[in-house]
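In: fold the following, please.
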Amino acid sequence: MAWRAGIRILAVDEIMEMARTTVNVIGSGLASVVVAKWEGVFGTDPEPLPDQMA
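Out: Predicted coordinates:
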């Protein structure tokens, strides 16, 4: 019967890993936006590529 507890722990751990990954992805995206706003480049027009100039 102890193996059933082990299976439950593994099943819950997989769900928790998905939640941790989601939080990490959201946090990384939010940090990128915060830094871009801080630098004053968020929401501005992108610079043209070298082959688009002239």
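
In: tally of neighbours for A36?
Out: 13 (other C-beta atoms under 10 Å). Yep, even glycine has a C-beta here, placed from its N, CA and C like the rest.

In: and what of A11?
Out: 10.

In: now the phi/psi pair for the closest residue to V33 other than its chain neighbours, please.
Out: Leaving out its chain neighbours, the residue that sits closest to V33 by C-beta to C-beta, 6 or more residues apart in numbering is F42, at 6.3 Å. Dihedral angles of F42 (phi, psi; degrees, to the nearest 10) stand at phi -80, psi 130.

In: any idea how many residues pack against T22?
Out: 10.

In: quick one: pLDDT of it?
Out: Note for T22: predicted pLDDT of 98.

In: that one and G29: what is the separation?
Out: 11 Å (C-beta to C-beta, to the nearest Å).

In: do a quick rundown of the helices in this structure.
Out: With DSSP state H applied, the chain shows helices at 2-39, listed in chain order.
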